[in-house]
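K.L.:
sequence first, predicted model second:
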Amino acid sequence: MTATPSSAPETLDVVVVGEALIDIVHSPEGQREYPGGSPANVAYGLGRLDVKAGLLTAVGRDARGEAIAAHLENAGVVLLPGSQSLARTATATADIAADGSAEYTFEIEWDLPPVTLPYAPKVLHTGSIATFLAPGAGVVKSLLEQAQGGCMVTYDPNIRTDLLGSHHEALTIFEELVPLTDVVKMSDDDARWLYPSKDLEDTAKHILSLGADLAVVTRGSEGSLMATPGMQLNVPAIPSVVADTIGAGDSYMSALILGLLLRGSDGLAPTVLE
């Protein structure tokens, strides 16, 4: 049986596909729970940027699932039909270090029914656990295949090593997905884990050689690298005090998607990237 988010508004500019979960954050101030998950964070950021966005995910009809639904609704994000399909909402326990970085432990099930999109949004975004963890990862790949030629596809692998199996398995999955995408964004940690023998510039070139049109590597306080087949651009970071890094890359992804939506007819010309 094929599930279709048929009641979703046909005016969505971006459809995000991927996990939504509850972050259980342990810090010196104690324990708190927050709605999270990389794709859900991207959808939330898009909503806050006044982009018409919907999220296809898998959460439970429990208190945590309802908290996620309310969180997304508050940002104007449409939770697509079929997303409340699990018995229990996933969690990620985050331990915050003194420098604000986070180490995660996951309790997650990722599964989606077979899905077809009833229309093509301007952008289809996916990433993180949803693209690696079976059985749902197969459905995500199918959606990317359906989107070919119909909309822009953006991808953030957001590597979570505890859930990926071997390096070879994860790299194989990643390199099978990149040709189905137009834009790949990753952190410097992701890039070094996937390609330990390459520097960041060579990793960006390799991603472009696999078929992406734009490769972006974020580098924390050192800014970010944007690369197309015709140019590489280094973007400086804005100095800021870091409380923690949870969701930082997802916020960047939301802003990047907004920029892609606003770029006009000049594609990925140097002036557009700048």
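P.N.:
Alright, I've got the coordinates.

K.L.:
any idea of the mean pLDDT in stretch 43-50?
P.N.:
When pLDDT is averaged over stretch 43-50, the result is 98.

K.L.:
and that stretch, what's buried?
P.N.:
For stretch 43-50, burial by neighbour count (16 or more other Cβ atoms under 10 Å) applies to Ala43, Tyr44, Gly45, Leu46, Gly47, Leu49. Using the backbone N, CA and C atoms, a C-beta is placed for each residue, glycine as well.

K.L.:
could you do stretch 219-232 as well?
P.N.:
Those would be Arg219, Ser224, Leu225, Met226, Ala227, Thr228, for stretch 219-232 by 16+ other Cβ under 10 Å.

K.L.:
over to stretch 104-111?
P.N.:
Buried, per 16+ other Cβ under 10 Å, within stretch 104-111: Tyr104, Phe106, Ile108, Trp110.

K.L.:
how far does it stretch from start to finish?
P.N.:
Stretch 104-111 has its terminal residues 20 Å apart, counting by Cα to Cα, to the nearest Å.

K.L.:
run through who's touching it.
P.N.:
By Cβ atoms under 8 Å, 6 or more residues apart in numbering, the surrounding residues in contact with stretch 104-111 are 19, 21, 58, 85-86, 88, 90-95, 129-130, 133-137, 160, 162-163.

K.L.:
can you map out the helices along this structure?
P.N.:
In the chain, the helices defined using DSSP state H lie at 38-48, 63-74, 136-146, 167-177, 188-194, 200-209, 248-261, 270-273.

K.L.:
still on that earlier bit, farthest pair within the buried residues of stretch 104-111?
P.N.:
Farthest apart among the buried residues of stretch 104-111 by Cβ to Cβ are Tyr104 and Trp110. That separation is 14.8 Å.

K.L.:
quick one: which of the buried residues of stretch 43-50 is nearest to Ala67?
P.N.:
Tyr44 (12.6 Å).

K.L.:
re earlier: out of the buried residues of stretch 104-111, which sit inside strands?
P.N.:
Residues of these located in strands (DSSP state E): Tyr104, Phe106.

K.L.:
least confident of the buried residues of stretch 104-111?
P.N.:
Among the buried residues of stretch 104-111, Tyr104 carries the lowest pLDDT, at 78.

K.L.:
distance of that one from Gly165?
P.N.:
Noted for Tyr104: a distance of 16 Å to Gly165, by Cβ to Cβ, to the nearest Å.

K.L.:
select only the buried ones of the contacts of stretch 104-111 in ChimeraX?
P.N.:
Applying 16+ other Cβ under 10 Å to the contacts of stretch 104-111, the buried members can be selected in ChimeraX as follows:
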select :19,21,58,85,86,90,91,92,93,94,129,130,133,136,137,160
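
K.L.:
which of the contacts of stretch 104-111 fall in strands?
P.N.:
Among these, the members falling in strands (DSSP E) are Leu21, Thr91, Ala92, Thr93, Ala94, Asp95.

K.L.:
of those residues, which is the nearest to Leu72?
P.N.:
Out of the ones in strands among the contacts of stretch 104-111, the member with the shortest distance to Leu72 (by Cβ to Cβ) is Leu21, at 12.6 Å.

K.L.:
so who does that closest one touch?
P.N.:
Residues in contact with Leu21 (Cβ under 8 Å, 6+ apart) are Pro35, Gly36, Gly37, Ala40, Val59, Ile68, Thr89, Ala90, Thr91, Ala92, Phe106, Ile108.

K.L.:
please repeat the previous calculation with a cut-off of 7 Å.
P.N.:
For Leu21, the contacting residues are Gly36, Gly37, Thr89, Ala90, Thr91, Ala92, Ile108, by Cβ atoms under 7 Å, 6 or more residues apart in numbering.

K.L.:
hang on, the earlier thing: what's the closest of the buried residues of stretch 43-50 to Arg192?
P.N.:
For these, the nearest to Arg192 is Gly45 (24.9 Å; Cβ to Cβ).
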